[in-house]
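1. Provided below for reference: sequence and predicted model.
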Amino acid sequence: AQSVTQLGSHVSVSEGALVLLRCNYSSSVPPYLFWYVQYPNQGLQLLLKYTSAATLVKGINGFEAEFKKSETSFHLTKPSAHMSDAAEYFCAVRGSVSGGYNKLIFGAGTRLAVHP
Amino acid sequence: KAGVTQTPRYLIKTRGQQVTLSCSPISGHRSVSWYQQTPGQGLQFLFEYFSETQRNKGNFPGRFSGRQFSNSRSEMNVSTLELGDSALYLCASSLGAAGTMNTEAFFGQGTRLTVV
């Protein structure tokens, strides 16, 4: 069965500092992985996705993530944080064919705070 | 291209009542999934509909049900509401057909249900 673990429920960075949000996955099949962002009282917006085409994936708003099979990780990074990046971030893995492949399994989320 | 539309945005219901939430997917998308988001349990998969058929179901009681119409619009219903049903209910739309696992799900802004 697929699962996702996000390390750190809260991360705080200074404006201009590196953002690193951690995600580890468990999957019995090659995974499809996603990062979503959620602003207060909003739905989820896709930041980027990994679909096995390339291990380094670039997304919107300057975010990128690297798929590392050996570490079963898909950490999200951004070189320089902006105040507008303050939000909650969710890592997700798509379910397997037998378990429902159109189902997303989410991590618990990481709330990112950016301070001046 | 219009996004995923969920109505209503906010609802207040009394314990014991029932409620119906609506979701209009992106044009051309045949899969609609529903998720419940609460502070304690995070994002949990409720069910998925594809071409008017329930394809997957999460671990929720039978009070939670849904359906999909021929135009792919979907509704979910919760009967005999409990206080614990208070949550943000999110709908996600995707292509959903076999062979499209590498495509993303697009989320609506959600319906905030409060049960008093």
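-> Cool, the structure landed. Numbers count the residues shown, from 1 in each chain, chains lettered A, B, ... in the order given.

2. check which helix or strand residue 34 maps to.
-> Picked chain A for this. Using DSSP states H and E, A:Phe34 maps to strand A:33-38.

3. ah, no, chain B please
-> strand B:31-38.

4. give the buried residues for the helix or strand where B:Leu88 lies.
-> Using DSSP H and E, B:Leu88 sits within strand B:87-94. Across strand B:87-94, burial judged by 16 or more other Cβ atoms under 10 Å in any protein chain shown covers B:87-94. For glycine as for every other residue, the C-beta is placed from the backbone atoms N, C-alpha and C.

5. residue ranges for the strands of chain B, please.
-> Taking DSSP state E, the strands of chain B run over residues B:5-7, B:10-13, B:19-24, B:31-38, B:42-50, B:53-57, B:64-68, B:74-78, B:87-94, B:106-107, B:111-115.

6. ranking those strands by mean pLDDT, which is last?
-> When the strands of chain B are compared on mean pLDDT, strand B:53-57 scores lowest, with a mean of 90.

7. in that one, which residues are buried?
-> Buried positions in strand B:53-57, judged by neighbour count with 16+ other Cβ under 10 Å: B:55-56.

8. run the chain-centre distance for that strand.
-> 12 Å (Cα atoms, centre = their mean, to the nearest Å).

9. so which bits of chain B are right by chain A?
-> Within reach of chain A by Cβ under 8 Å from any Cβ of the partner chain, chain B has these residues: B:4, B:6, B:31, B:33, B:35, B:42-43, B:45, B:48, B:50, B:55-56, B:58, B:90, B:92, B:94, B:96, B:101-102, B:104-110, B:112.

10. report the buried members of those.
-> Buried by 16+ other Cβ under 10 Å: B:4, B:6, B:31, B:33, B:35, B:43, B:45, B:48, B:50, B:55-56, B:58, B:90, B:92, B:94, B:96, B:101, B:104-110, B:112, out of the residues of chain B next to chain A.
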